[in-house]
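Participant: How does the following fold in three dimensions:
(chains A and B)
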Amino acid sequence: MDLLSDFFLAKATFIGIVFAITLGIAAYSTYFERKIAAFMQDRIGPDRAGPFGILQPLADAVKMFMKEDFIPANSNKWLFIAGPCLSMLTALMTSAVVPFGDTVTIGGVTFDLQGIDVNIGILWVFGIVSLGVYGILIGGWASNNKYSLLGAIRAASQNISYELAMGLAIIAILLFSGSLSTKAIVEGQQNGHWNIFYQPLGFIIFLICAFAECNRTPFDLPECETELIGGYHTEYSSMKLGFYLFAEYINMFISGAVMATLYFGGYDYPGIDFVTAQFGNNIAVFVGMGALIGKALLFVFVFMWVRWTLPRFRYDQLMGLGWATLIPLSMYNVVVTAFGILIGKPFTAGIVGVVLLIGGLLIHDQLFVKKKIA
Amino acid sequence: MKLSNRTKVMEQGEMTLSERMYLPAIVGGMATTLKHFFSKPVTIRYPEQKRYLGPIFRGQHILKKDEEGAERCTACGLCAVACPAEAISMVAAERIPGEEKLYREEKYAKVYEVNMLRCIFCGLCEEACPKEAIFLRHDTMVPVFNSRDEVIYGKDKLVEKMDQRYLREGWK
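Facilitator: Residues are numbered from 1 along each chain as shown, chains lettered A, B, ... in the order given. Below is the predicted model:
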């Protein structure tokens, strides 16, 4: 029983820390989104609240709480409230299986820097991500507003479409690891054998799908002022709207962490053996945790960078890209990876796969595409 | 035979591979935004930093004094006549002996008022003035007012202070 309580205490502490980190990063993502947008447009961005405007998220939160919390008369009240809660819940639940580090031993107690190490880790991520669309769908439907409903439908069909390509991209990863456990996937990538080197094509597919799953530009069709007067959250105000927007930022950070886990070696970093030898295991593991969060934040930056660069897709282009391009591409990737593992040269196979693809498309262009007159 | 022989026939063929993949264009676009990310912002934080508006900007009015500190205005009323917004009004008075240090001419403006709500800052008063007495200064704007009592600027606000004289580029 003593062991059990220790175990629970350790898990509860760790989950609390992960929670705090996630929420803090999500809150400051809103600030950095505005700052990055400003820098990319040669502006300064928010700089009034505190030095460099670092209290801006606080001011935004206060503003959100102070606003009138309006529930439309003909809406389904309980579902209207459940929508944002579900969005937030699913956004936060994904982090449970992300391995933030190896085990550390503090005071004779061994901590595992991971919420739960289940052998279906990556399936859990997929399950929760697909649940995430319910938050949007329920919210949009319960609003009793055609625009909200249209936005919700867009979100649902978009997420379902891109989940397929995402899942196929991950199958190639699973061929390497032989396990669905996120921990096993990370451990297979230690010492610089990151999956990105073996799976360049798979990574690009996964990245594009992650953009679509997070409803970020260029796939932010569910939110849209011109056609939908806002999208699924048209009727939402106050902190309910805040939850939706906040969940998006949490999703961004978590999907960054998942991408780092799957393709960038998780908590692996160059020189991990040196740090372990010099400063002991615990320090090395915590530096690894920092490395993972750093990688995730890098992805958050990429998300924002893309948002302030690209215009959005038209809806049929979005569907065309998802169904007609990404899914065949990821199937091709699975076949190439499987072949590479079969012949025992996965690295070469990855490169050759990309070269063959581009070469094939070039030949197709030469044969069938009408030339432009320059 | 065409006029210039420089006509280009534009025809949209099918997109080539690099165009169809979007990725090269996306990378190019992201390089552009990254370049701007590290370039200097053009923002001027307005209340703290002010942009130089040029030597001929028409800001707040000033009634100039001459070198001895005597008011130049002789209350001829040409500025009031020239004013298209009818913002200027004045009351003239005769200079009495002993006031030569205060007023340059024998007649002066006892009251000189500019209604800043009416003024359109066109600068016609400045052009009309034969005594070079009224100017719209280039370095000061009329501040925001909070009540209607503040909008009429009398001589207390308009006459130049001798310890902070207004100088324009090219003046002595």
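
Participant: List the contacts of the nearest residue to A:Y236 once chain neighbours are set aside.
Facilitator: For A:Y236, ignoring the flanking residues on the chain, the nearest one in space by CB to CB, 6 or more residues apart in numbering or on different chains is A:Y244 at 6.4 Å. No exception for glycine: its C-beta is placed from N, CA and C like everyone else's. By CB atoms under 8 Å, 6 or more residues apart in numbering or on different chains, the contact set of A:Y244 is A:G83, A:P84, A:S87, A:G135, A:I136, A:G139, A:Y232, A:H233, A:Y236.

Participant: Just the element for A:Y244, please.
Facilitator: helix A:238-263 (DSSP states H and E).

Participant: ok so B:K110 is a strand residue?
Facilitator: Yes: under DSSP: H, G, I helix; E, B strand; the rest coil, B:K110 sits within a strand.

Participant: circling back: quick one: buried ones out of the contacts of A:Y244?
Facilitator: The neighbour-count test (16 or more other CB atoms under 10 Å in any protein chain shown) marks A:G83, A:P84, A:S87, A:G135, A:I136, A:G139, A:Y232, A:H233, A:Y236 as buried among the contacts of A:Y244.

Participant: Specify which member of those residues is nearest to A:Q158.
Facilitator: A:I136 (10.0 Å; CB to CB).

Participant: pretty sure that closest one contacts A:M88?
Facilitator: No: contact criterion CB atoms under 8 Å: A:I136 and A:M88 do not qualify, at 11.7 Å.

Participant: so what's the backbone phi/psi at residue 84?
Facilitator: Chain wasn't specified; assuming chain A. Per-residue torsions, A:P84: phi -60, psi -30 (degrees, to the nearest 10).

Participant: think we crossed wires, I meant chain B
Facilitator: Dihedral angles (degrees, to the nearest 10) for B:P84: phi -70, psi -20.

Participant: residues from chain B in reach of chain A?
Facilitator: Contacts of chain B with chain A, taken as CB under 8 Å from any CB of the partner chain, map to B:9-17, B:21, B:23, B:26, B:29-30, B:32-34, B:36-43, B:45.

Participant: about what we covered before: list the ones among the buried ones among the contacts of A:Y244 that fall in helices.
Facilitator: If you go by DSSP state H, the buried ones among the contacts of A:Y244 have A:G83, A:P84, A:S87, A:G135, A:I136, A:G139 in helices.

Participant: Return the set of buried residues in the helix or strand just after the helix holding A:Y244.
Facilitator: As assigned by DSSP H and E, the chain's next helix or strand after helix A:238-263 is helix A:272-279. Neighbour counts using 16+ other CB under 10 Å place A:I272, A:V275, A:T276 of helix A:272-279 among the buried residues.

Participant: just stretch A:327-342 next, same as before
Facilitator: If you call a residue buried by 16+ other CB under 10 Å, then stretch A:327-342 has these buried ones: A:I327, A:L329, A:S330, A:Y332, A:N333, A:V334, A:V336, A:T337, A:G340, A:I341.

Participant: Which one of those residues is nearest to A:L58?
Facilitator: When the buried residues of stretch A:327-342 are ranked by distance to A:L58 (CB to CB), A:S330 comes first, at 42.0 Å.

Participant: quick one: the closest one and A:I204 touch, right?
Facilitator: No: contact criterion CB under 8 Å: A:S330 and A:I204 do not qualify, at 9.9 Å.

Participant: from the buried residues of stretch A:327-342, which ones fall inside helices?
Facilitator: A:I327, A:L329, A:S330, A:Y332, A:N333, A:V334, A:V336, A:T337, A:G340, A:I341.

Participant: Can you show me the helices along chain B?
Facilitator: Counting by DSSP H, chain B has helices at residues B:17-21, B:23-37, B:78-82, B:124-128, B:155-158.

Participant: Please compute how far the shortest one lies from its chain's middle.
Facilitator: Distance of helix B:155-158 from its chain centroid, counting by CA atoms, centre = their mean, to the nearest Å, is 19 Å.

Participant: Next: the fourth one.
Facilitator: Centroid separation between helix B:124-128 and its chain, computed with CA atoms, centre = their mean, is 14 Å.

Participant: residues in contact with that helix?
Facilitator: B:58, B:61, B:78-84, B:88, B:134-136.

Participant: If you rank every helix and strand of chain B by mean pLDDT, what lands last?
Facilitator: Lowest by mean pLDDT, DSSP states H and E among the helices and strands of chain B is helix B:17-21, with a mean of 70.

Participant: likewise chain A?
Facilitator: strand A:109-112 (a mean of 70).

Participant: By neighbour count, which bits of that one are buried? Give me those.
Facilitator: A:F111, A:D112.

Participant: Touching it from outside, list them.
Facilitator: Under CB under 8 Å, 6+ apart, the answer for strand A:109-112 is A:D6, A:A10, A:F14, A:T103, A:V104, A:T105.

Participant: Save those as a markdown table, and put in neighbour count and distance to A:P51 too.
Facilitator: Formatted as a markdown table, the contacts of strand A:109-112 follow (neighbours: other CB atoms under 10 Å in any protein chain shown; distance: CB to CB, whole Å):
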| residue | neighbour count | distance to A:P51 |
| --- | --- | --- |
| A:D6 | 14 | 42 |
| A:A10 | 15 | 37 |
| A:F14 | 17 | 32 |
| A:T103 | 12 | 39 |
| A:V104 | 19 | 35 |
| A:T105 | 12 | 39 |
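
Participant: Between the residues you listed, which sits nearest A:M304?
Facilitator: For these, the nearest to A:M304 is A:F14 (28.2 Å; CB to CB).
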